[in-house]
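> Sequence plus predicted model, see below.
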Amino acid sequence: MTTLVRRRVPEKAMPLLLGGGFLVLVALLWQIAVWAGLVNPFLTSSPALVAASLGDQIGSGLLLRSLGRSALELAVGFGVAAVAGVALGLLMGRYRYVDYVVEPYVWLLYSAPVVAMFPLLVLVFGLGSPAVVAIAFLMSVVPVVVNSAQGVRNVDPALIRTAVSFGAGETALLRKVILPASVPTVMAGLRLGVGRGLVGVVVGEFFAGDGGIGYNISFFAGHLGTTDVLASVFVVIVAGVLLNVLARGLEALADSWRTELP
């Protein structure tokens with residue numbers, strides 16, 4: 001029976017079918033519970049009310065404005081983290097003394113509660129997008145740095161020795177050997193980083209934003225708008241899933257050059 005199902009359903013569609021099917025089942029049970037009076041819709045809302053709220057936000061233009069604001073903050077924060085993180089990670093992985101200097105601060109940033117730094121960030125950047133971009137950068141840069149450094153360390157030493165034997169200098173080694181061989185691991189770090197960056201944008205807008213999806217969640221929660229809060233949370237979830245799918249596709253594309261040796 002399992003083999004028959006796999007033949008009828010493509011393997012790539014199975015995660016979407018199983019995961020999406022579970023969410024549809026939960027939404028159906030949730031709606032039935034509301035209709036049956038088992039839960040209070042004022043406290044729990046319902047899928048129908050959430051869908052109506054999404055329609056209202058789209059019609060008023062609020063959702064598109066908020067998405068645009070959050071997307072811009074994520075693009076700037078994560079973009080800077082990607083460039084700086086890959087460059088710093090490559091240097092850490094290649095040069096031992098750079099690793100000695102930088103690694104303690106990387107792990108300090110990883111283990112420190114970044115949200116606790118909000119008062120300092122607000123003092124430095126003020127309220128609004130600059131503080132949100134800063135928190136997105138801080139949350140997304142660490143996995144990029146760590147994976148990039150590990151990718152360099154995992155490069156086959158034989159490749160480096162061969163390139164050196166043909167007269168390759170340090171710049172040529174980094175550009176033509178080390179970086180291409182590290183791309184799959186670097187891409188994995190970028191995929192992890194963009195997810196953390198999205199969390200940073202939403203959390204940043206909670207506390208310091210004056211617009212965006214996170215700001216909407218905070219505003220609606222302050223006015224006891226359960227339905228509107230859940231609608232905004234749903235948008236964040238969908239955005240996170242889409243970003244993860246896109247990042248996985250780019251990661252697979254970056255790794256497609258590899259071939260198995262016989």
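Happy to help now that I have it.
> quick one, phi psi at G61?
Main-chain torsions, G61, degrees, to the nearest 10: phi 90, psi 0.
> swap in G211?
According to degrees, to the nearest 10, G211 has phi 180, psi 170.
> and it, what does it touch?
Applying Cβ atoms under 8 Å, 6 or more residues apart in numbering to G211 gives the contacts 65-66, 69, 129, 205. All C-beta atoms are positioned from the backbone trio N, CA, C, and that covers glycine.
> And the pLDDT at it?
Model confidence at G211, given as pLDDT, is 82.
> I'd like the distance between it and V201.
Distance of G211 to V201, computed by Cβ to Cβ, to the nearest Å: 11 Å.
> Ok, A134 next?
11 Å.
> what about F234, how many residues close to it?
When neighbours are defined as other Cβ atoms under 10 Å, F234 has 15 of them.
> Verify the stated contact: it with A51.
No - the criterion here is Cβ atoms under 8 Å, and F234 misses it with A51 at 9.1 Å.
> before we move on, the earlier item: find residues that contact each of A134 and V201.
Listed as contacting both A134 and V201 by Cβ under 8 Å, 6+ apart are G77.
> who's more crowded, those two?
Legend: neighbour count by other Cβ under 10 Å for A134 and V201, higher for V201 (33 against 25).
> what's near enough to touch L159?
Neighbour list for L159: 177, 181 [criterion: Cβ under 8 Å, 6+ apart].
> for the stretch 151-262 of the chain, which spans come out with low pLDDT?
Applying pLDDT under 70 to the stretch 151-262 of the chain flags the ranges 254-262.
> Pick out the residue closest to the middle of the chain.
In the chain, the residue lying closest to the centroid (Cα atoms, centre = their mean) is G195, at 1.3 Å.
> Now do the phi/psi pair for that one.
According to degrees, to the nearest 10, G195 has phi -70, psi -40.
> do H223 as well
The phi/psi pair for H223 (degrees, to the nearest 10) reads phi -110, psi 20.
> likewise A75?
Torsion angles, degrees, to the nearest 10, at A75: phi -60, psi -40.
> quick one: it and S148, what's the gap?
Taken as Cβ to Cβ, the span from A75 to S148 is 20 Å.
> who has more neighbours, these two?
Set A75 next to S148 and count neighbours by other Cβ under 10 Å: S148 wins out with 28 against 14.
> Quick check: which element contains that one?
helix 129-153 (DSSP states H and E).
> how far out from the middle of the chain is that helix?
Offset of helix 129-153 from its chain centre (Cα atoms, centre = their mean, to the nearest Å): 11 Å.
> In it, which residues are buried?
For helix 129-153, the buried set under the neighbour-count rule, 16 or more other Cβ atoms under 10 Å, comprises 129-152.
> Counting by contacts, list what it packs against.
Here helix 129-153 touches helix 62-94, helix 96-111, helix 118-125, helix 179-207, going by 3 or more Cβ pairs under 8 Å, 6 or more residues apart in numbering; DSSP states H and E.
> Of the ones you listed, which is nearest L243?
Closest approach to L243 among the helices and strands packed on helix 129-153 (Cβ to Cβ): helix 179-207, 5.4 Å.
> Give me the distance between the closest residue to F125 other than its chain neighbours and R248.
Ranked by Cβ to Cβ, 6 or more residues apart in numbering and with sequence neighbours excluded, the top spatial neighbour of F125 is A131, at 4.3 Å. To R248, A131 is 30 Å away according to Cβ to Cβ.
> same thing with F220?
Distance, F220 to R248, using Cβ to Cβ: 31 Å.
> Show me which of these two is the more surrounded one.
Using other Cβ under 10 Å, the more surrounded residue of F220 and R248 is F220, with 19 against 13.
> who's in contact with stretch 238-245?
With contact meaning Cβ under 8 Å, 6+ apart, stretch 238-245 is reached by 67, 70, 191, 194-195, 198, 213.
> And these, which is closest to A252?
Using Cβ to Cβ, those come closest to A252 at R191, 10.5 Å.
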